[in-house]
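**Student:** heads up, no residue letters with this:
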């Protein structure tokens, strides 16, 4: 066995985490560059110059069953629509609805916020929800003089629980499922029960942990939710396009159109509509084009991140034969239940060592080595682990690191130790509940 490649793989993960904690981004003139993308380049560059990566490995990115470019197009297209809806004010509109519905009860606010985040995550992306709603939750808890921790923890956990339900909820879902040709509707059928069980377990545990601090009453803000809509027409247009896109994704296999094409042309249609609206608008806003704002907020760094780890995985599997070890250790009994539990928990654990996106790339390859009749069980288990594993530690997902940095900027003290404590208490049982739901379905 050649251990040079796995050492470089882990070294790259350590560098990424270090940069994300110490200096999450750098500013070059008007452009902000995420340092995790810079760190992700370290591994492939070392492997290329030492001969462990060849030009053939790089060209393989565009061919074969696992094409990361198509997967990235699907993810980025859905993110574009989500960000536009946020720019139009729709995200804040729903958050204000939750606040209005709760009246003066912190307990009611807790549950309504969890439900709102869950619903929004299903149709957008957990990363977008966290980046968008975290500052909003901070501000309204500050003005209402409420402890922000229960609401922020609930937001983060809800976004990484209900993201399991649809294939578009998380880039890891898209990557793993698409790699094995799983369609939108097939994925949805398998994940309904695990998602519902995970949600019920998660919200119950969170309430037990924070129930004392949720007994407080607060003075609600006198704000009309509709005032959050900065562009009502844009919000309607974006919602219609998202709805049509989702319907087409559901029937994508029946109409024989790849999901990445549906999402891409949906986003392209929205781009054209935005361009036409802004070109012929009489009252052009001084703050600039919403199209430019959306493109500036797009997570372009994730392209470098995903492609870098995909390349390192190519080198990893050329250097070490994990297949027989993987199959022998976890599938000795020939049980699909064992497959689900072993892959579910191991994927969640490994996600917190190397992050859930590179974990997904690795496990996509691992699953190729298990018996074919167990592969679907392994695929769904790895997806569940990649989502719920995100709240074991802040390192489990990029969203966790971004979330912690937002809290740091706002002066909210949730330490890494506190995060891990809440994550392990809720995460282990939530993960077990979701995997049991999958076992029942399979």
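**Tutor:** That came through fine. Small disclaimer: the values here were computed from a predicted structure and weren't measured.

**Student:** now residue 203. Nearest residue, chain neighbours left out?
**Tutor:** Closest residue in space to residue 203, ignoring its immediate chain neighbours: residue 114 at 5.6 Å, by C-beta to C-beta, 6 or more residues apart in numbering. Yep, even glycine has a C-beta here, placed from its N, CA and C like the rest.

**Student:** where's residue 22 relative to residue 114, distance?
**Tutor:** Distance, residue 22 to residue 114, by C-beta to C-beta, to the nearest Å: 32 Å.

**Student:** more neighbours: which of those two?
**Tutor:** The neighbour comparison of residue 22 against residue 114 (other C-beta atoms under 10 Å) goes to residue 114, with 25 against 8.

**Student:** from what I see, the more buried one and residue 156 are in contact.
**Tutor:** No. Counting by C-beta atoms under 8 Å, residue 114 does not reach residue 156; the two are 10.7 Å apart.

**Student:** circling back: tell me the contacts of the residue nearest to residue 203?
**Tutor:** Counting by C-beta atoms under 8 Å, 6 or more residues apart in numbering, residue 114 makes contact with 154-155, 158, 203, 206.

**Student:** neighbour-wise, which one of the residues you listed leads?
**Tutor:** residue 158 (27 neighbours).

**Student:** now do the same contact list for it.
**Tutor:** 113-114, 117-118, 121, 199, 202-203.

**Student:** thinking again about what came up before, now for the contacts of residue 114: which two are most distant?
**Tutor:** 155 and 203 (12.0 Å; C-beta to C-beta).

**Student:** in the host helix or strand of residue 263, what's buried?
**Tutor:** If you go by DSSP states H and E, residue 263 is part of helix 259-279. Under the neighbour-count criterion of 16 or more other C-beta atoms under 10 Å, helix 259-279 has 259-260, 262-264, 266-267, 270-271, 273-274, 278 buried.

**Student:** okay if I get the residues you listed as a markdown table plus distance to residue 355 and pLDDT?
**Tutor:** Listed next are these as a markdown table, based on distance: C-beta to C-beta, whole Å; pLDDT from 0 to 100:
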| residue | distance to residue 355 | pLDDT |
| --- | --- | --- |
| 259 | 24 | 88 |
| 260 | 23 | 89 |
| 262 | 28 | 94 |
| 263 | 24 | 92 |
| 264 | 26 | 95 |
| 266 | 28 | 95 |
| 267 | 26 | 95 |
| 270 | 30 | 95 |
| 271 | 30 | 94 |
| 273 | 35 | 93 |
| 274 | 33 | 91 |
| 278 | 37 | 85 |
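
**Student:** would you list those residues in CSV and tack on distance to residue 394?
**Tutor:** Listed next are those as CSV, based on distance: C-beta to C-beta, whole Å:
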residue, distance to residue 394
259, 30
260, 30
262, 34
263, 29
264, 32
266, 33
267, 30
270, 33
271, 34
273, 38
274, 35
278, 38
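
**Student:** tell me the two of those that are most distant?
**Tutor:** 259 and 278 (28.7 Å).

**Student:** what are the ranges of the strands in the stretch 101-250 of the chain?
**Tutor:** Taking DSSP state E, counting those that start in this stretch as the criterion, the stretch 101-250 of the chain carries no strands.

**Student:** low pLDDT regions in it?
**Tutor:** Applying pLDDT under 70 to the stretch 101-250 of the chain flags the ranges 220-223.

**Student:** now do the helices in it.
**Tutor:** Taking DSSP state H, counting those that start in this stretch as the criterion, the stretch 101-250 of the chain carries its helices at 106-123, 126-143, 148-159, 171-179, 184-210, 232-250.

**Student:** quick one, what contacts residue 274?
**Tutor:** 84, 234, 290-291, 294.

**Student:** out of those, which is most surrounded?
**Tutor:** residue 84 leads the contacts of residue 274 on contacts (other C-beta under 10 Å) with 27 neighbours.

**Student:** what's the burial count for the residue nearest to residue 6 when sequence neighbours are not counted?
**Tutor:** Once flanking residues are discounted, residue 6 sits nearest to residue 316: 6.2 Å by C-beta to C-beta, 6+ apart. Residue neighbour count, defined by other C-beta under 10 Å, stands at 23 for residue 316.

**Student:** residue 316: what's it in contact with?
**Tutor:** 5-6, 9, 362.

**Student:** let's see which of these end up in helices.
**Tutor:** 5-6, 9, 362 (DSSP state H).

**Student:** which element is residue 408 on?
**Tutor:** Going by DSSP H and E, residue 408 is in helix 398-410.

**Student:** show me what secondary structure element comes after that helix.
**Tutor:** Counting by DSSP H and E, what follows helix 398-410 is helix 416-441.

**Student:** now that next one: buried residues?
**Tutor:** Using 16+ other C-beta under 10 Å as the test for burial, helix 416-441 gives 419-420, 422-423, 426-427, 430-439.

**Student:** so how far is that helix from its chain's centroid?
**Tutor:** Centre-to-centre, helix 416-441 and its host chain are 16 Å apart (C-alpha atoms, centre = their mean, to the nearest Å).

**Student:** equivalent analysis for stretch 191-211, please.
**Tutor:** Put simply, stretch 191-211 sits 18 Å off its chain's centre (C-alpha atoms, centre = their mean).

**Student:** can you list contacts of it?
**Tutor:** 107, 110-111, 114, 118, 149-150, 153-154, 157-158, 161-162, 164-166, 214, 380, 383-384, 388, 422, 425-426, 429-431, 433-438, 440-441.

**Student:** tell me the buried residues in that stretch?
**Tutor:** For stretch 191-211, the neighbour count (16+ other C-beta under 10 Å) marks 191, 193-199, 201-203, 205-207, 209-210 as buried.

**Student:** residue 181 versus the nearest residue to residue 151 once chain neighbours are set aside, what's the distance?
**Tutor:** Excluding the flanking residues, the one nearest residue 151 by C-beta to C-beta, 6+ apart is residue 137, at 5.2 Å. Separation of residue 137 from residue 181 (C-beta to C-beta): 38 Å.

**Student:** which one of these two has more residues nearby?
**Tutor:** Legend: neighbour count by other C-beta under 10 Å for residue 137 and residue 181, higher for residue 137 (23 against 9).

**Student:** so who does the more buried one touch?
**Tutor:** Here residue 137 is in contact with 95, 113, 148, 151-152, 155 (C-beta under 8 Å, 6+ apart).

**Student:** most widely separated two among the residues you listed?
**Tutor:** 95 and 148 (13.9 Å).

**Student:** which of those two has more residues huddled nearby?
**Tutor:** The neighbour count for residue 95 versus residue 148, taken as other C-beta under 10 Å, is higher for residue 95 (24 against 21).

**Student:** quick check: which ranges of the stretch 301-442 of the chain have low pLDDT?
**Tutor:** Looking at the stretch 301-442 of the chain by pLDDT under 70, you get 321-334.

**Student:** let's go with 90 and repeat that
**Tutor:** Counting by pLDDT under 90, the stretch 301-442 of the chain contains low-confidence ranges at 301-339, 342, 353-355, 357-359, 361-376, 391, 394-417, 442.
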